[in-house]
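Participant: Kindly generate the corresponding structure for this input.
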Amino acid sequence: MNYKKEQIIETHIQKIVYYSSYADCLSRIITDIIENGNYNLKPSDTPTLTELLNKYINRLHHCIINLKSDWEFYDTKKAQ
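Facilitator: Presented below is the predicted three-dimensional model:
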C-alpha cells in the first residue's frame, strides 16, 4: 500500500475510533439518566444529549462509508 493511501485509511480508522467512543459514552450517560434520573438536569438536557448522540452516530456512519470507499477502490495489485 502506498504511503498516502495508508495515511488516508489510518485517518478514517482514527475518526471511527473517536466517534464510536463519543457515541458509547453519550449513550451510557443517556441510559443512566433515563434509568436513575438526575434532578440537576433541565428537562431539555436529555433531548439535547440525544441530538448530540445522533450527530456522532451520523459522523461515524460517514467515516465508515468513506473508509469502505477508499479501501474498496484501492488496487492491491499495484501495491505488491
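
Participant: And the host helix or strand of P47, how far out from the chain middle?
Facilitator: Here P47 is covered by helix 45-72, with elements defined by DSSP states H and E. Distance of helix 45-72 from the chain centroid (C-alpha atoms, centre = their mean, to the nearest Å) equals 5 Å.

Participant: report the longest helix in the chain, please.
Facilitator: helix 3-36 (DSSP state H).

Participant: tell me the angle of that helix relative to helix 45-72?
Facilitator: Angle between the axes of helix 3-36 and helix 45-72 is 160 degrees (criterion: axes from the mean of the first three to the mean of the last three C-alpha atoms, to 10 degrees).

Participant: Let me know the average pLDDT across helix 3-36.
Facilitator: Averaged over helix 3-36, pLDDT sits at 88.

Participant: Quick check: buried residues in the helix holding P47?
Facilitator: L49, L53, Y56, I57, R59, L60, C63, I64, N66, L67 (16 or more other C-beta atoms under 10 Å). The way it works is simple: take the backbone N, C-alpha and C, and place the C-beta from them, glycine included.

Participant: what do you get for stretch 7-27?
Facilitator: Using 16+ other C-beta under 10 Å as the test for burial, stretch 7-27 gives I8, I9, H12, K15, I16, Y19, Y22, A23, L26.
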